[in-house]
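Asker: this is a predicted model, with the sequence first.
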Amino acid sequence: MAKRKIILYTAVSLDGFIAREDGSYDWLHDDDYAEGKEDYGYDKFLKNIDTILMGFNTYKDIMTQGEVFPYHRTQNYVFTRRKNIPDDPHVEFVSDEIVEFITELKNSQGKDIWLVGGGQINSILTKHKLVDEFILTYIPITLGKGIRIFHGESFDNRYKLNDAVVYPNGFVQLYLK
């Protein structure tokens with residue numbers, strides 16, 4: 001049985017942030033970057049995904065974006081140390097040891113797994129070499145402060161660039177393994 005891949009698919013500012021300090025990512029929807037109906041490979045990517053991983057802060061932010069949970073067609077795991085969280089029919093809250101949980105998940109049946117983020121879970125899984133691929137879309141903006149794509153303990157992992165796509169609006173999407 002082939003292992004499932006964990007793929008970190010995210011947008012990043014030039015200075016390495018995935019969100020502003022308050023967790024907002026309004027800069028991703030700036031009219032200066034509007035590209036018509038371009039989805040930057042999102043629909044194609046989602047066809048191979050049946051599971052999504054995210055931290056609690058990312059989950060909270062997603063819940064403030066609209067009335068409908070956007071990933072209701074996938075199995076969703078939210079990692080948290082919090083207790084007494086209201087039930088959500090679309091997610092399973094996980095407080096287990098994350099590395100052990102993810103290792104078991106990767107060895108289970110299914111399609112690929114999308115690591116939505118944020119920075120803490122990105123760091124933990126990357127440090128333990130559990131992320132198999134990265135699809136990073138760099139947005140031509142600097143934020144100065146915010147939530148970094150990786151933060152926490154230091155680690156030194158090396159990757160190979162498999163592909164790059166440059167979009168007319170200045171976005172650059174890197175595919176790394």
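Answerer: Received the coordinates, thanks.
Asker: report the contact partners of Pro70.
Answerer: Taking CB atoms under 8 Å, 6 or more residues apart in numbering as the contact definition, Pro70 lies against Ile62. C-betas here are computed from N, CA, C, even on glycine.
Asker: phi, psi for it please.
Answerer: Recorded main-chain torsions at Pro70 are phi -70, psi -20, according to degrees, to the nearest 10.
Asker: how about the residue most central in space within the chain, nearest residue that isn't a chain neighbour?
Answerer: The structure's the chain has its C-alpha centroid closest to Val116; by CA atoms, centre = their mean the separation is 2.1 Å. With CB to CB, 6 or more residues apart in numbering as the measure, Met54 is the residue that lies nearest to Val116, at 4.2 Å, once sequence neighbours are left out.
Asker: which residues of the chain fall in helices?
Answerer: Per DSSP state H, the chain has helices spanning 42-46, 56-63, 98-106, 119-127. These are given in chain order.
Asker: lowest average confidence across these, which one?
Answerer: Ranked by mean pLDDT, the helices of the chain end with helix 56-63 at the bottom, a mean of 90.
Asker: tell me the angle that helix makes with helix 119-127.
Answerer: 130 degrees (axes from the mean of the first three to the mean of the last three CA atoms, to 10 degrees).
Asker: distance-wise, check Lys47 relative to Tyr40.
Answerer: 14 Å (CB to CB, to the nearest Å).
Asker: more crowded one of those two?
Answerer: Higher neighbour count among Lys47 and Tyr40: Tyr40, with 17 against 9, using other CB atoms under 10 Å.
Asker: in the sheet, which residues pair with the residue nearest to Val116? Tell me.
Answerer: Following DSSP bridges, Met54 is listed with bridge partners Val78, Gly117.
Asker: quick one: buried residues of the lowest-mean-pLDDT helix or strand in the chain?
Answerer: Taking mean pLDDT, DSSP states H and E as the measure, the helix or strand of the chain with the lowest value is helix 56-63, at a mean of 90. Residues Phe56, Asn57, Thr58, Tyr59, Asp61, Ile62 are the ones in helix 56-63 that count as buried (16 or more other CB atoms under 10 Å).
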